Structures are given as C-alpha cells and as structure tokens.
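*Asks:* Sequence first, then the predicted structure, then my questions.
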Amino acid sequence: MPYTNWSDDELLKQFIQTSNQEFLGQLYSRYISLVYGLCLKYLQQIEDAKDAVNNIYEELNRKIHHYQIENFKPWLYSVATNHCLQILRKEKNQVFEEVDIRIMESDEFEHLIDVDDNKEKENALNHCLDTLPEEQRQCINHFFFEDFSYLDIVEKTGFALNKVKSYIQNGKRNLKICILKILKN
C-alpha cells in the first residue's frame, strides 16, 4: 500500500478528511504494541488488554474528529491510559485518586485569577491572557478555568505532557508578571 511510508500527520489528515478506515488502521497499527503493553500493564490480564486495544480503536473513530491533534503518539497514549483507568474504576471497583498537582503548582497564583470581587484584577487578567502565546493561553484556560487535568489537556490539544506542564508553568509566570505590572500602575 502506497501510504505505509506516510507520516503520522499525513495519515491522520487523510483519515479526518475521508473517514477511510485504512488510514486510521495504518496509523493505529504503528502503535498497537505500545497500546497493548500499556493496557496489559494497567489491566494485568491478557484478554482484558486485547479487548481494550480493540475498544480503543473504536474510541479513536469517535474521538479523532473532535480534537486538534498535534502529535498523535502522545495523544493516543493519553487516550489509552484514560481508557484503562476507566475500566479499572468501573469493572474492578478500584478507586484511583489523581494527585491534584494544581495545589502544588498554583499556590499564590490562584489569588491572581480569583477575580470575583475585583474588576481591576479581572480586566488585567483578561488583557494579560490575550498577550500570552497561543499554546500557553490554551493550557492556562483548560487548566485553571475549565479544571482540566494534565492528561485531559494532552488529550484535547495533542501536546506532549512535558509541553503542557511547561506551557502552564511559563504561562502562569508570564500572567503573574503582566498582572502585577498592570495593578502597580
């Protein structure tokens, strides 16, 4: 098949445009071992892992058109991880508590975005959000205003996990500097 040498981006683009399963199948087959290994790690049963691999493929069919995916592999990893965690929560009644890194990362920043009682602060925040680079603005909005987890942001944007953390950290710092500068004037 001529598209076996295509990049992930080319296959993804063709699938989105045509909904031709051959493109998604070729793309998914590149990472099926990774997905299977991940599922086996979480689910610890061969048959459960095989079922999950098939279900994730079906899930991709439904989800791909709703996301802006910039890098397929980390996005797929996130989808597969979330799928396995959902299975464990539902079927095995295991409770997982996602560590809320926001508590560790937000400390004094939270009061800068808490604008309920301060119109001046709200105006400064809105102005400063508009000055952020697009990636930082997206991640900040998802994290602080939509209450997304890091994995949710990876899934939504297709950014790698370390990029999401970096965009949030840098965006937070840039917002803080900008807001404080405006409020001092």
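*Replies:* Right, received. Where do you want to start?
*Asks:* Can you tell me how far the closest residue to Ile140 other than its chain neighbours is from Ile153?
*Replies:* Leaving aside its sequence neighbours, Ile140 sits nearest to Gly171 (CB to CB, 6 or more residues apart in numbering; 4.3 Å). Yep, even glycine has a C-beta here, placed from its N, CA and C like the rest. Applying CB to CB, to the nearest Å, the value for Gly171 to Ile153 is 12 Å.
*Asks:* who touches both of the two?
*Replies:* Here Gly171 and Ile153 share the contacting residues Cys139, scored by CB atoms under 8 Å, 6 or more residues apart in numbering.
*Asks:* one step back: the residue nearest to Ile140 touches Asn141, doesn't it?
*Replies:* No: with contact defined as CB atoms under 8 Å, Gly171 does not count as touching Asn141 (9.3 Å).
*Asks:* Name the residue in these two with the higher neighbour count.
*Replies:* Neighbour count, other CB atoms under 10 Å: between Gly171 and Asn141, Gly171 has more, with 23 against 15.
*Asks:* What pLDDT is listed against Ile179?
*Replies:* Ile179 is assigned 86 on the pLDDT scale.
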